[in-house]
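Trainee: Sequence and predicted structure below; questions after.
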Amino acid sequence: MTRRRLPEDVAIPIRITLVYIVISAVWIFFSDLLVVALTSNPATIARLSTYKGFFFISVSGLLLFSLIRNNIRALEESTARLKESEEKFRELVEHTSDWVWELDENMLFTYSNQKVEDVLGYTPNEVIGKHPTDFMAPDEAQRVSTIIEDLVVEKAPFNLIENTLIHKNGLPVIVEVSGLPIVDSEGRLRGCHGINRDITERKQAEEVLRERDLYVRRAYADALGAVTGGRLIIMTIDEIRAVLGEPITNSQTIDSYKDLAYVRAQLIATLESQFSDKERANELLLAASEAITNAVKHAGKGTYQVLKRNRTIQLMVEDAGPGIDFTLLPKATLLSGFSTKQSLGIGFSVMLELSDRVLLSTQPGGTIVVLEKRLTAPEEGEDIDQYKAVD
């Protein structure tokens, strides 16, 4: 069983008091013995005891005076340092570019710096006593209320939580919220303080970039589809999932180059069981080997799966890598031997050459390549453009 230590503000006075009591007791006891040893005259003993008492009171008074004076000086110095620190902190808070605030245990604003007027158009006095959700649309207020409830329970710091506020002029303001809980010595939540950073312009810029990226992707998709005669189709993840057939094998993970020999052995057995034409099976195997090798090379690992849709075998390779740079995709697709760390490398043109069709979805965070091979070569004049409607 561990002994509970007293707080310093209690332990120090107790120690001083105990020392004073011990010293006083020793002084009284030994000084009385000394007086008795010096004389046996009662009048002299009484007079010496009086002197002894006055001496003890004088020394005690001097000690108390010294202690009180030192404590007052220390308190004054501490108060001055605290006041200076508070002034510096307040100056920093008032001149920061972020909205600094404090909430009480009921999650109501008790403090706000002047920056709130730049962020929301309200003065600090207009904010005090309000709940954060008072400045949100109903749906956003409901979402954020759930987050606040969780934070109250966890009593943990929170960082970069995005939410949308409503400016005094009615326009939306997107902010990043970070803060720390205020917890008392008994572990009870007394509120929290933190900052709101206005990221509206940044989010708007990100949206512009996203739309521009989408436009570029669509342009590349159209151009590459046209140049390759519809054999390379760039799709979204959902579009690829929608055109996948029935699984022939389970999804398998490959973690390193050491697994390639085993993967090839498994794939050739699976493909030869589906294709009557071994040459077509070997072509799809070579294309799949390139796709799997690139997944391991550029993403560290990947997964592969064999599926079947109508008379077409689909071999899907998926990774969680950085994705393909669309500006390099035409070269990776059309130039034999082209290779770069941001692209699928040399193997991409090989995959396109050995497959009937390649379906591709790529973005930061992952790439999906689906290699398609008909069980039999398409007859002359046969329309195999199954995905003509895919935008």
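Mentor: Looks like it came in fine.

Trainee: Buried residues of stretch 361-379, list them for me.
Mentor: For stretch 361-379, the buried set under the neighbour-count rule, 16 or more other Cβ atoms under 10 Å, comprises 361-362, 366-374. Heads up, the C-betas are built off the backbone N, CA and C, glycines and all.

Trainee: With stretch 220-236 instead?
Mentor: Of the residues in stretch 220-236, those buried (16+ other Cβ under 10 Å) are 220-221, 224-225, 231-235.

Trainee: Likewise for stretch 262-271?
Mentor: Within stretch 262-271, the residues scored as buried using 16+ other Cβ under 10 Å are 263, 267-268, 270-271.

Trainee: Return the subset of the residues you listed lying in helices.
Mentor: Residues of these located in helices (DSSP state H): 263, 267-268, 270-271.

Trainee: if we can go back for a sec, out of the buried residues of stretch 220-236, which two sit at the greatest distance?
Mentor: Using Cβ to Cβ, the two most remote members of those are 220 and 231, lying 14.9 Å apart.

Trainee: can I get the buried residues of stretch 220-236 in TSV with distance to residue 109, pLDDT and secondary structure?
Mentor: Putting those into TSV (distance: Cβ to Cβ, whole Å; pLDDT from 0 to 100; DSSP: H, G, I helix; E, B strand; the rest coil) gives the following:
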residue	distance to residue 109	pLDDT	secondary structure
220	49	71	helix
221	50	74	helix
224	54	73	helix
225	55	73	helix
231	61	83	coil
232	56	84	strand
233	54	87	strand
234	49	85	strand
235	48	86	coil
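
Trainee: how about those in TSV, adding distance to residue 302?
Mentor: Below are the buried residues of stretch 220-236 laid out as TSV (distance: Cβ to Cβ, whole Å):
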residue	distance to residue 302
220	23
221	23
224	22
225	25
231	22
232	20
233	20
234	19
235	18
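
Trainee: Give me the below-cutoff pLDDT ranges for the stretch 1-150 of the chain.
Mentor: Counting by pLDDT under 70, the ranges of the stretch 1-150 of the chain that qualify are 1-13, 82-95.

Trainee: so where do the helices sit in it?
Mentor: Here the stretch 1-150 of the chain has its helices, by DSSP state H, counting those that start in this stretch, at 8-38, 42-95, 115-120, 124-127, 138-154.

Trainee: Can you tell me which of the ones you listed is most buried?
Mentor: Of the helices of the stretch 1-150 of the chain, the one with the most neighbours on average (mean count of other Cβ atoms under 10 Å) is helix 115-120, at a mean of 18.
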